[in-house]
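Participant: how does the following fold in three dimensions:
(one chain, ligands or ions: 1)
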Amino acid sequence: MKDNYGREINYMRISVTELCNLRCRYCMPEDGICKKAHEDMLTEDEMITAVEAAASLGITKLRITGGEPLVKKNIVSICRRAAAVPGIREVCLTTNGTLLPQLARPLVDAGVSRVNISLDTLDAEKFRYISRCGELSQAAAGIRAALDAGFEKIKLNAVLIGGFNDDEIPALAELTRQYPLDVRFIELMPMYDSGDFGPEAFIPYTVVLDKLPEAVPVEQDGGVARLYRLPGAQGNIGLISPVSAHFCAACNRIRLTADGKLKPCLHSGDEYSLKGKDCDGMVAELRGAILRKPSWHGALDAVNRSHAGRNMNQIGG
Ligand code: SAM
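Facilitator: Predicted coordinates:
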């Protein structure tokens, strides 16, 4: 289905939970979140009905996210059922990786073909600081498990934070020479109340290129990242610039939150509820939401924070 600006909407991100086993400073408050009532959240059956409704309108690609999707007890079942919905060609997942040692193979068997794993630093102390409670060794074990499990594609996501990990850009990029995976650098987005980062924390994607003089541009793959490659590398470097050079004109996605709200734009407060609706009702909401998708997300910087009204863990990134 096309929106009012001629964009073909074929990609839906589903957040299956707001809960997470980490507390990343840019993503969620230290205390976690005020847990919502079970009956206010989408059930597994409702999530699958939403996928069927979305597929009937032309959604072919799904990304399962969170919170941390792997803390959800029925995550493998959700992925298996979503992958089996007619019209769905690709199921991808975004995770912090810490639970991949036990779940990577079941997820591949369930039909998840691609996985994005968050990794902001290669320093154990800094990992503890940014995640507030995580261990780098657990994330590293998850990445190893993903490499062994046979996903078609693995990408590591690093959020760029000035004074925290900008000195690690070359070391993170070097992983693309050591392993068959992509490393993507994502500009820090000023969300609702996540983190107390000042303007100095924002690092535009161009800084990555300054720090990687060997990187050469390579052909785009249809995604939102600008792609580069280091000589001899097995994977690409991706640069994602929602703040300094937004890609709204090419945005092909909608988002569904764990409490059943459709968000046609990550940074807009507009939400349309699917909770409690049957498939026809969901199709009608989806159609309306897609037609009301804004042309762009508006200015985004330290002064103009996101209008999403939620932190990233409550949307899914
Ligand atoms: N828990 C999973 C994870 O860690 O990847 C999935 C959910 S997380 C919200 C999805 C992605 O959003 C992660 O790659 C994370 O780094 C990114 N993210 C969260 N807050 C962000 C922010 N303020 N700016 C940029 N990226 C952010």
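
Participant: was I right about L286 contacting G58?
Facilitator: No: contact criterion CB atoms under 8 Å: L286 and G58 do not qualify, at 10.0 Å. Using the backbone N, CA and C atoms, a C-beta is placed for each residue, glycine as well.

Participant: which one's more surrounded, these two?
Facilitator: Counted by other CB atoms under 10 Å, L286 and G58 do not tie: L286 has more neighbours, with 26 against 13.

Participant: does the more buried one count as helix, strand or coil?
Facilitator: At L286, secondary structure determined by DSSP: H, G, I helix; E, B strand; the rest coil is helix.

Participant: shouldn't L70 be in contact with P101?
Facilitator: No: using CB under 8 Å, L70 makes no contact with P101, being 10.3 Å away.

Participant: the two: who's more crowded?
Facilitator: More crowded of L70 and P101, by other CB under 10 Å: L70, with 26 against 17.

Participant: looking at this, the more buried one is in a strand?
Facilitator: No: applying three-state DSSP, one finds L70 to be helix, outside a strand.

Participant: the ligand contacts on the stretch 201-317 of the chain?
Facilitator: Neighbours of the ligand within the stretch 201-317 of the chain, by CB under 6 Å from any ligand atom: 312-313, 316-317.

Participant: and the helices in the stretch 201-317 of the chain, which stretches?
Facilitator: For the stretch 201-317 of the chain, helices defined by DSSP state H, counting those that start in this stretch occupy the ranges 206-211, 279-291.

Participant: please tabulate these in a markdown table, including the columns distance to V112 and mean pLDDT.
Facilitator: Below are those laid out as a markdown table (distance: least, CB to CB, whole Å; pLDDT from 0 to 100):
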| stretch | distance to V112 | mean pLDDT |
| --- | --- | --- |
| helix 206-211 | 28 | 97 |
| helix 279-291 | 23 | 98 |
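
Participant: a markdown table for those, including distance to Y26?
Facilitator: Shown next, in a markdown table, are those (distance: least, CB to CB, whole Å):
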| stretch | distance to Y26 |
| --- | --- |
| helix 206-211 | 17 |
| helix 279-291 | 27 |
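
Participant: OK, now which residue of this protein is nearest to the ligand?
Facilitator: For the chain, the residue closest to the ligand is G317, as judged by CB to the nearest ligand atom, at 2.6 Å.

Participant: list the contacts for the residue lying closest to that residue once chain neighbours are set aside?
Facilitator: The shortest distance from G317 to any residue other than its chain neighbours is 5.9 Å, reached at T65 (CB to CB, 6 or more residues apart in numbering). Remark: with contacts taken as CB atoms under 8 Å, 6 or more residues apart in numbering, T65 is in contact with 13-16, 93-94, 316-317.

Participant: for the stretch 201-317 of the chain, give me the ranges with low pLDDT.
Facilitator: For the stretch 201-317 of the chain, applying pLDDT under 70 flags the ranges 302.

Participant: give me the phi and psi for R63.
Facilitator: Main-chain torsions, R63, degrees, to the nearest 10: phi -120, psi 130.
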